[in-house]
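>>> Quick one, fold the following:
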Amino acid sequence: GVNTLVDGFAVAEELKRTDPEAFRMLSSYDYDAARDFVSSRVDSSQNHTKRLLVTRKNRILQLDSEGQLHKIMYHEVFRMPLELPYDIFPKYYAALDKFAYMLHSDKFCVNQPMEKGKILLMH
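Here you go, the predicted model:
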């Protein structure tokens, strides 16, 4: 298999430089996210009898007290309908779409082949 690694901070900085309004949207409004880890694992051989539903609401691009980017919280698997003000939704969705597209760009991705006996550690 191959793991794809993405430099999310480079994506966010490029977004800030090229589309400050999109950066502002993703750092100002919360993102609704949820995943049912049990029912989403149809490939699991385990016999689960309980659900594990994880939900959260957070800003994708999180800034520190000085306005600098310090955390990114986003995973496509967690996407669900967004609860945003009507007038904000089109701008936010356009920003989210642009951010997701950039995350998949060859400019920010590195493919790391994996072989039996190898491990990939990240910090």
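>>> Heading C-terminal from the helix or strand hosting residue 91, find the next helix or strand.
Element membership for residue 91, per DSSP states H and E: helix 89-103. Counting by DSSP H and E, the next helix or strand C-terminal to helix 89-103 is strand 109-113.
>>> can you map out the strands along this structure?
Counting by DSSP state E, the segments of the chain that form strands are 2-6, 30-36, 53-59, 61-63, 69-72, 109-113.
>>> What is the helix holding residue 91 packed up against?
The contact analysis (3 or more Cβ pairs under 8 Å, 6 or more residues apart in numbering; DSSP states H and E) places helix 89-103 against helix 8-18, helix 20-28. Just so you know, the C-beta spots here come from the backbone N, C-alpha and C atoms, and that holds for glycine as well.
>>> tell me which residues in stretch 76-83 are buried?
If you call a residue buried by 16 or more other Cβ atoms under 10 Å, then stretch 76-83 has these buried ones: residue 82.
>>> nearest residue to the residue nearest the centre of the chain other than its sequence neighbours?
For the chain, the residue sitting closest to the mean C-alpha position, by Cα atoms, centre = their mean, is residue 74 at 2.0 Å. Excluding the flanking residues, the one nearest residue 74 by Cβ to Cβ, 6 or more residues apart in numbering is residue 60, at 4.7 Å.
>>> Next: residue 30.
residue 57 (4.6 Å).
>>> quick one: the one you found and residue 34 touch, right?
No - if you go by Cβ atoms under 8 Å, residue 57 and residue 34 don't touch, sitting 9.5 Å apart.
>>> what about the two, which has more around it?
residue 34 (14 against 11; other Cβ atoms under 10 Å).
>>> who are the neighbours in contact with that one?
By Cβ atoms under 8 Å, 6 or more residues apart in numbering, the contact set of residue 34 is 53, 54, 55, 56, 78, 80.
>>> at 6 Å what do you get?
Residues in contact with residue 34, defined by Cβ atoms under 6 Å, 6 or more residues apart in numbering, are 55, 80.
>>> Also residue 18?
So residue 18 contacts nothing (Cβ under 6 Å, 6+ apart).
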